[in-house]
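Peer 1: quick check, what structure comes out for this input:
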Amino acid sequence: MKPGWKHPSIRLRLALVYAVVLVATCAALLALNYALLYNSLYGPIDADQARPTAAAEKQQWSPTRADKLKQTMIDQLRTTTLANTAGTSAIALVVAALAGLGVSWAVAGRMLRPLRTLTAATRRISHDRLHERVALSGPHDELKELADTFDQMVTRLEASFNSQRRFIADAAHELRTPLSIVRTGAEVQLAKRHNTPEQWEAMAHRALVATGRAERMLDGLLALARSDSGVIAVETHDQAVAAAEALSEADGEAERAALAITTDLRPASVSGDPALLDRLLSNLVDNAIRHNHPGGWVEVVTGHGRGEAIVTVRNSGLGVPPAEVDRLFEPFQRLASDRTAGSRSTGLGLAIVRSIVQAHRGTVTAAPNAGGGLTVTITLPAGQPLCVSSCSGS
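Peer 2: Sure, this is the predicted structure:
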């Protein structure tokens, strides 16, 4: 291919194809018409000539000069008719080819107009103009379906970009709060002329709490990023054991809040990433304990059902409006401030839970309890290996 060579456009190729098909069809029809005309001119006359020839063999009849002249005139008439027909057909074929090319060009342009609209919309759309849509009108054909599918894709991209921007803004805000506490405390202490050891100790304690909160925030962000990237390891893991370990780690916090813990931990083996699955149960238990009221209760149940491992965590607490339940699974989304767990809450607990469950091809549902609190139910494929990036294809 020569440098700078440009392929003909789809419109030109369609027009040429249509024109070639039209010309070929017209040529076939004209050839058939010519054959029928030839047969009509020569067939009957030859049959008529065959009868006197047979009689001439019996009666020894010989054609006269007039008969020969008549036959010559008939042959000339047939030749002239066929020649005129061939010439007229050739002219008609050329006219049909030109007309067909023009009509095909116009029809192809009209058919490809939606593609030009789609191309123009694609050029307009960018990361800061995701509100643009093709909004193609017309009959519901393949091109309309393509344009609608493109609009749906852009809608999903817009939602993803907005969610990403919101996540970055919320993460920056959440991380700035503990850093501001540390900086403000240090500035206040340094501005004083005389500081007692108790004041420095109090400032160090506030800085330690704030940096611990920032550390938990970063740890949650890393866990969320890891679960969003998919399952890395695949091992058999019992969610009942993971729940028992999570309850053991949170036992001290539950005792300080005087919470009553009830469990029904039956085997619930799944195939997945053990680290993520442990984090899943840890977040569920921590969320149930922290978002509770003193003297409340927490219930953790694990088991199998219909080929799935089921984990259910219930807790008491403040009432949760049903319309706000889905929002709790978004990063940094909380209810009223009285439902937060103070400095230990990062706003990422249930968001990480949902991400881990989706990475393991499971489902997570939540429903408010009648007396307050929340019931979170996790279902994961039981004992079904997951094919991940580390799996080797056959």
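Peer 1: and the residue nearest to residue 360 when sequence neighbours are not counted, its phi and psi?
Peer 2: With C-beta to C-beta, 6 or more residues apart in numbering as the criterion, residue 360 has its nearest non-adjacent residue at 4.6 Å, and that residue is residue 272. Quick note: C-beta positions are derived from backbone N, CA and C, even for glycine. Main-chain torsions, residue 272, degrees, to the nearest 10: phi 180, psi -160.
Peer 1: my guess is residue 272 contacts residue 357. True?
Peer 2: No: between residue 272 and residue 357 there is no contact under C-beta atoms under 8 Å: 10.0 Å.
Peer 1: so which of the two has more stuff around it?
Peer 2: Shown here are residue 272 and residue 357; by other C-beta atoms under 10 Å, residue 272 has more neighbours (29 against 23).
Peer 1: report the separation between the more buried one and residue 278.
Peer 2: Distance of residue 272 to residue 278, given as C-beta to C-beta, to the nearest Å: 10 Å.
Peer 1: cool, residue 330 as well?
Peer 2: Separation of residue 330 from residue 278 (C-beta to C-beta): 23 Å.
Peer 1: against which helices or strands is whichever helix or strand residue 179 is part of packed?
Peer 2: Per DSSP states H and E, residue 179 falls inside helix 142-191. Helix 142-191 sits against helix 113-124, helix 197-228, with contacts defined as 3 or more C-beta pairs under 8 Å, 6 or more residues apart in numbering; DSSP states H and E.
Peer 1: joint contacts of residue 272 and residue 278?
Peer 2: Counting by C-beta atoms under 8 Å, 6 or more residues apart in numbering, the residues touching both residue 272 and residue 278 are residue 237.
Peer 1: quick one on the thing from earlier: worst mean pLDDT among the helices and strands packed on helix 142-191?
Peer 2: Within the helices and strands packed on helix 142-191, confidence is poorest for helix 197-228, with a mean of 74 (mean pLDDT).
Peer 1: what's the first helix or strand after it?
Peer 2: The helix or strand immediately downstream of helix 197-228 is strand 235-238, counting by DSSP H and E.
Peer 1: partners of that following strand in the sheet?
Peer 2: As defined by DSSP bridges, the strand partners of strand 235-238 come to strand 269-272 (antiparallel).
Peer 1: now do the partner strand, average pLDDT.
Peer 2: 88.
Peer 1: could you do stretch 8-20 as well?
Peer 2: In this model, stretch 8-20 carries a mean pLDDT of 78.
Peer 1: what's that stretch in contact with?
Peer 2: Contact with stretch 8-20 is made by 97, 100-101, 103-105, 107-109, 111-112, as judged by C-beta under 8 Å, 6+ apart.
Peer 1: now stretch 153-165
Peer 2: So stretch 153-165 is contacted by 125, 127, 130-133 (C-beta under 8 Å, 6+ apart).
Peer 1: hmm, try it at 6 Å
Peer 2: Outside of stretch 153-165, the residues within contact range by C-beta atoms under 6 Å, 6 or more residues apart in numbering are residue 130.
Peer 1: give me the nearest residue to residue 33, chain neighbours excluded.
Peer 2: Leaving aside its chain neighbours, residue 33 sits nearest to residue 89 (7.4 Å; criterion: C-beta to C-beta, 6+ apart).
Peer 1: isn't the one you found up against residue 32?
Peer 2: No: at 10.9 Å, residue 89 does not count as touching residue 32 under the criterion of C-beta atoms under 6 Å.
Peer 1: quick one, which of the two is more surrounded?
Peer 2: Set residue 89 next to residue 32 and count neighbours by other C-beta under 10 Å: residue 89 wins out with 18 against 10.
Peer 1: out of the contacts of stretch 8-20, which are buried?
Peer 2: Buried members of those, counted by 16 or more other C-beta atoms under 10 Å: 97, 100-101, 104-105, 108, 112.
Peer 1: just send those residues back as CSV, with pLDDT, secondary structure and distance to residue 17 too.
Peer 2: What follows is those, written out as CSV (pLDDT from 0 to 100; DSSP: H, G, I helix; E, B strand; the rest coil; distance: C-beta to C-beta, whole Å):
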residue, pLDDT, secondary structure, distance to residue 17
97, 80, helix, 13
100, 80, helix, 11
101, 82, helix, 11
104, 81, helix, 8
105, 83, helix, 11
108, 78, helix, 9
112, 76, coil, 13
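Peer 1: let's have those in TSV, adding distance to residue 378.
Peer 2: What follows is these, written out as TSV (distance: C-beta to C-beta, whole Å):
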residue	distance to residue 378
97	70
100	66
101	66
104	61
105	61
108	55
112	50
